[in-house]
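[1] predicted model follows, preceded by the sequence.
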Amino acid sequence: MRRPFVAGNWKMHGTRAENADLIEALLLGVPAQPTAEIAVCPPFVYLWEAARQLKASSVSLGAQSVCAESIGAFTGEVSAAMLKDVGCRYVIVGHSERRALYKEDDALVARKFLAAQSQGLTPILCVGESLDERERGQTMQVVSRQLTAVLDLAGIKAMQDAVVAYEPVWAIGTGKNATPAQAQEVHAHIRAEVAARDGKIAAALRILYGGSVKAGNAREIFSMQDVDGGLIGGASLKVDEFLKICAAAQAH
Ligand code: PEP
């Protein structure tokens, strides 16, 4: 049985005061022992404060990226050990904005995945095709390539402590979500790719959908067989909306 999971990716938003309000409201609305696991991923500089506020709550903390190197002269970077030190449990790797804007390729994403796990963090590995790739019929090929880069470097056992997020690039921040059937098709493909290496690990792997999830479409998307929750961008900044999405995952 896979425990549903909803993670909020706050991206580069918020102030100390806004974050404190958001977390306070979130903690008021989250059940003491939610069936779905809930996490928030604030920007690096706010992680420590968020960790203190989330302490003793059921909400986990995640970061939005991590350096592939462990220590040293890497100006501006943040290591997995540092994220662990401030209380993170999760870290997003391979988000399409990092891939597109900061030229993170499959090999680098795989190294980040390993760096995260080396410090006991659970990576949330994002994969997904662009609109152009979907229109050319390359969706499965792209997703397989992104996944294989990680599986080849980290090995199948690494997927025992990882989460995959299918995030079609054309659905991120556009208001245009994948249909439940489109999401299910790719999620089933991801699970099959993992199952080809280890069926048991594939059956237990949580695969989230991300891309314009809102309170209004979450329930339908999360009801699909291979969708185990969501990675939520814009809607995670609106507490009412986010709580409704979390509730939709609880009901799954
Ligand atoms: C994301 O960036 O991970 C995301 C899913 O964004 P949004 O929900 O805003 O589409």
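    Yes, it's here.

[2] does any part of stretch 205-224 sit near the ligand?
    Yes. Against the ligand, stretch 205-224 shows contacts by CB under 6 Å from any ligand atom at 210-213. Using the backbone N, CA and C atoms, a C-beta is placed for each residue, glycine as well.

[3] going by neighbour count, which of these comes out on top?
    Ranked by the number of neighbours (other CB atoms under 10 Å), the residues of stretch 205-224 next to the ligand place Val213 first, at 30 neighbours.

[4] state the distance from that residue to Gly14.
    19 Å (CB to CB, to the nearest Å).

[5] do the same with Ala158
    31 Å.

[6] and if you look at Glu220?
    29 Å.

[7] so these two - more neighbours on which side?
    Set Glu220 next to Gly14 and count neighbours by other CB under 10 Å: Gly14 wins out with 18 against 14.

[8] on the three-state scheme, the more buried one is what?
    coil (DSSP: H, G, I helix; E, B strand; the rest coil).

[9] that one contacts Pro43, doesn't it?
    Yes. Contact status for Gly14 versus Pro43: in contact at 6.8 Å, counting by CB atoms under 8 Å.

[10] could you work out the most separated pair of the residues of stretch 205-224 next to the ligand?
    Using CB to CB, these span at most 8.6 Å, a distance reached by Gly210 and Ser212.

[11] which residues are common contacts for these two?
    171-172 (CB atoms under 8 Å, 6 or more residues apart in numbering).

[12] in the protein, which residue sits nearest the ligand?
    Gly233 (2.1 Å; CB to the nearest ligand atom).
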